[in-house]
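Participant: Quick check, what structure comes out for this input:
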Amino acid sequence: MDTTEENSPTPVDSQPDIDDVFEELEQLAELVDSPDEQEQVINAMRTLQRSRSSRLVGRLRDTFDSRDVGEATVGSFIFGIPMVVEGGTLEVGEYLGTRPLLLLLTMAFGGTLVYGILHAAAFDQIEEDELFGLVSIRLLTIPLLATVMGFGLMTIWGRAEWSTPMVAIGQCLFTSIVMAVGASLGDVLPGT
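Facilitator: Numbering: from 1, shown residues only. Sure thing, here's the model as predicted:
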């Protein structure tokens, strides 16, 4: 009779997964005596946490750097160009610009999409990516980048008519929302 099956902490027919490793490390953290050993266990848990994203979306690096900005810029541009050149964007923006409540709801929807995309990539678990330990730099930078690009391109290419500011804001924000979705996808897709 094989004794490894009897001593195994998990049933034979179930495969251990990463959560089992976390449980083992938590138990080990309670058993170790010295602060150095506890720090080693905590570091092992952090490393395991960073390595656990095997999802549809890619793994995010520990810091939001110029490479991430480049990826977000490309994603924003690819999604934004059709929005800038299509007449439908102007019509939707005009409609939203005259209805501030709908404009705010559209912005909230866009923000929710961006947050959801970044959340799927576990951006909130990257401690090194936080501004003052409170909010993710990634969560701030991606919408800001898309907004600057959206307003900039719509203005430079003459698509926003600033003689009617609310309409122009509606058009630029609508474009920026789509660009923010593109920027967040550009940042998190596999291979980036």
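Participant: Count the neighbours of Leu140 for me.
Facilitator: Leu140: 12 surrounding residues under other Cβ atoms under 10 Å. For the C-beta atoms, the positions are set from N, CA and C on the backbone; glycine is no exception.
Participant: That one is in what secondary structure piece?
Facilitator: Element membership for Leu140, per DSSP states H and E: helix 137-156.
Participant: Quick one: list the elements packing against that helix.
Facilitator: Helices and strands touching helix 137-156, by 3 or more Cβ pairs under 8 Å, 6 or more residues apart in numbering; DSSP states H and E, are helix 66-85, helix 100-120, strand 130-131, helix 165-188.
Participant: any weak-confidence spans in the chain?
Facilitator: 1-15, 17-18, 50-63, 122-130, 133, 190-192 (pLDDT under 70).
Participant: now with 90?
Facilitator: By pLDDT under 90, the low-scoring segments of the chain are 1-72, 86-87, 115-141, 161, 186-192.
Participant: Tell me which residue is most central in it.
Facilitator: Nearest to the mean C-alpha position of the chain, counting by Cα atoms, centre = their mean, stands Leu118 at 1.9 Å.
Participant: Quick check, it in contact with Leu139.
Facilitator: Yes: here Leu118 reaches Leu139: they are 6.1 Å apart, a contact under Cβ atoms under 8 Å.
Participant: buried ones in stretch 80-91?
Facilitator: By neighbour count on 16 or more other Cβ atoms under 10 Å, the buried set for stretch 80-91 is 80, 83-84, 89-90.
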